[in-house]
Each structure stands twice: as structure tokens, then as C-alpha cells.
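# Requesting a structural model of the entry that follows:
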Amino acid sequence: MNRLLASTCLAFGLSVTGASVAAAECGDVTIASMNWQSAEVLAALDQLILNEGFGCDAEIIVGDTVPTLTSMVEKGEPDLAPEGWVDLLPEVVGRGVSEGKLVGAAVALSDGAVQGWWIPKYIADANPQIQTIEDVLKHPELFPDPEDASKGAIHNGPAGWGGTVATAQLYKAYGAEDAGFTLVDTGSAAGLDGSIAKAYEGGKGWVGYYWAPTALLGKYEMVKLGHGVPYDDAEWKRCNTVADCADPKMNDWPKDTVQTMLTTSFAERAGPDVMDYLNKRAWSNATVNALMAWMTDNQATGEDGARHFLKENEDLWTTWVSPEVAEKVKSSL
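Residues are numbered from 1 along each chain as shown. Next comes the predicted model:
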């Protein structure tokens, strides 16, 4: 997912509160399941709760961010995108809302999709003075370059990722080279993951680019560094995300809004109880990270993950639905 992330972070303030919602039967529902783990399990979760709890006839269809949200605006289908990365398509989503073709429900990922530079929690715990990027750059000895232990290392993602460009620009902006750090090209997603796993399992220092929610952060507890400055949207667009910009400035990393999106036609026929569920249904990065780690360790499908979540997180999901619906869902398990 991270290779698709946009550099913009627009706040749409989308809401279905006060929308006209008919009290009709839920009926047939098409749910977009995107091609990454967190979206897959959320789509499966919505399908299970809508079918078993509300008597819908929900069907999963495979999608991806751009074609799914575009199709919802232009064709009115699918009905529901549980994990809509709305900052990727601000113009399309904004037009869909203004033209009355789309409505937004809960911000599915309550604390937003997070990118930035991270360090292992055991390093953070042992060095409480290290809280920001500038703090890290004072201690290259704690984050040794695997090829040259006399220097520190900032681990970057593969070529082609937006986060890789931003990391290279922040490396320049914060003067990391002058501070004795090299920028390490990890080569691939597997290489980036492997560098974290190797450091973590050896109790070594590591600092570099990563994002959440991910299964890896559910397995290896990491701490995101502060940037020491407020987010400047204009500067982020001008230089922090432009590979050949020569004068990047220090900047914070914006969060991406991950929101559940519905077609207006579905919102109008779904009924108030279904809409109440979709307006409440949200979870945190920590919850999703742990769930995806379980899914990865158990080679679980989205449906497996959804059922595991429902069994292990009853205190959370029962706040999204009425007691009657909750009992129906529990019985289905």
C-alpha cells in the first residue's frame, strides 16, 4: 500500500450524519476488498457483520484504491469501500461528495495511516532522551551501518516508493550525512523488513523508514520518531516529495486519512442501523498491526482474520452494534 501513498493529506470532513437514510432492507451489497492485508480483513469483517448481524446479502469483490473509488463515483458500484485511502484521490472523492454520489462513514483507521522514521522500542526504552530525528543524529554509534560500524545508517525503502523519496529528502534536510550517517538502500520490501528483523532479533540499533498498519510492526514493536517541527503542507509538496529538489527543509510527515466510503444509493437503502454501524466501525493501528501479525503467522485469509478479531476483541466491536446484532454475530461464530 505504501508505494501508492500520496503526499497530500486533505481533510474532507466527510460524514453521513444527518444524511437521508431509508429504513429499507439492506439487501444485496458489494464490498471492495483491496489487495493488501488490512483492507482484506476489514472487508471480510464488514461482510460477516452485515450478513450475520443485519441480514444483508453482502458479496466481496476484488478492487484497488484508484479504480474502486473512481468506479463508485462514475458507475455507482461497488456499494462499499471499507478502507478508502481518500487522500490518494482528493479530486475524485471531492467531486463524488459534492455531486451527491459518495458519502463518507467512519474514519476506518482511527489514528490514520502513519509513515516516518522508526527505532526499536528497546532502543527507545534504554535511551529515553532519543525522541526525534535530531536526537537520533546525535548518536550514530547506537545505529551502526552494517557495512561500516564507524558510521550510523538510515535505512530506506525500495526505489519507486513515495516514502523512499521523502526519506532521502529528509536525510538531506536534517543533515544526516554531516552527522555521520549513511543512507542505506534496502533494495526491496523484503530487504527493508529483513533489516528490521535482523536488528530486532539481535538486539541491535536500527533507524529508518516504515509505515503502519503492517504485520511487521505487530511482531516487532517499534517507536516512531518525532520530527521536531510542525507539518508544512506547501513545503512537503514543493520539495520533501520531489526527488530532484535541492533544498528540502525539515518537516513532519503527514498522516493519510483512511475512511470508509459508500455510494449514496447504498447509504439511502441500507437502513439506519447499518449506517450506525458503518459510522462507528473503526480501529487503531495497534489493533490492526496485531491482527495482521496473527494472520501472517497463521497464513490466514481475510475471513480467518475477521473471525479471529471477533472472538478476541469483543469489547471493541460490540460497541459498534446493538446487543441484538452482537448476539447474532456471536452465534454465527
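# Can you give me every residue that contacts residue 255?
Neighbour list for residue 255: 9, 111-114 [criterion: CB atoms under 8 Å, 6 or more residues apart in numbering]. All C-beta spots, glycine's among them, are computed from the backbone N, C-alpha and C.
# ok, those residues vs residue 63, which is closest?
Each of these was checked against residue 63 using CB to CB; the closest is residue 113, at 17.5 Å.
# For that closest one, which non-adjacent residue is spatially closest?
Using CB to CB, 6 or more residues apart in numbering and skipping residues adjacent in sequence, the residue nearest residue 113 is residue 256, 4.0 Å away.
# mind checking how far that neighbour is from residue 305?
Per CB to CB, to the nearest Å, residue 256 is found 22 Å from residue 305.
# and residue 170, what is it in contact with?
Listed by CB under 8 Å, 6+ apart, the contact set of residue 170 reads 117, 133, 227, 240, 248, 250-251.
# and it, what helix or strand is that in?
Under the criterion DSSP states H and E, the helix or strand holding residue 170 is helix 162-173.
# can you pull the alpha-carbon coordinates of that helix into PDB?
Taking Å, rounded to 0.1, in the frame of the first residue of the first chain, the C-alpha atoms of helix 162-173 are listed here in PDB:
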ATOM      1  CA  GLY A 162       6.900   7.700  -2.200                       C
ATOM      2  CA  GLY A 163       8.200   7.100   1.200                       C
ATOM      3  CA  THR A 164      11.700   6.400  -0.200                       C
ATOM      4  CA  VAL A 165      11.800   9.700  -1.900                       C
ATOM      5  CA  ALA A 166      10.600  11.500   1.200                       C
ATOM      6  CA  THR A 167      13.200   9.700   3.400                       C
ATOM      7  CA  ALA A 168      16.000  10.700   1.000                       C
ATOM      8  CA  GLN A 169      14.900  14.300   1.100                       C
ATOM      9  CA  LEU A 170      14.600  14.300   4.900                       C
ATOM     10  CA  TYR A 171      18.000  12.700   5.100                       C
ATOM     11  CA  LYS A 172      19.300  15.800   3.300                       C
ATOM     12  CA  ALA A 173      17.100  18.300   5.200                       C
END
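# quick check: angle from whichever helix or strand comes after it to helix 162-173?
Remark: after helix 162-173, the chain's next helix or strand is strand 181-185, criterion DSSP H and E. If you take axes from the mean of the first three to the mean of the last three CA atoms, to 10 degrees, strand 181-185 sits at 160 degrees to helix 162-173.
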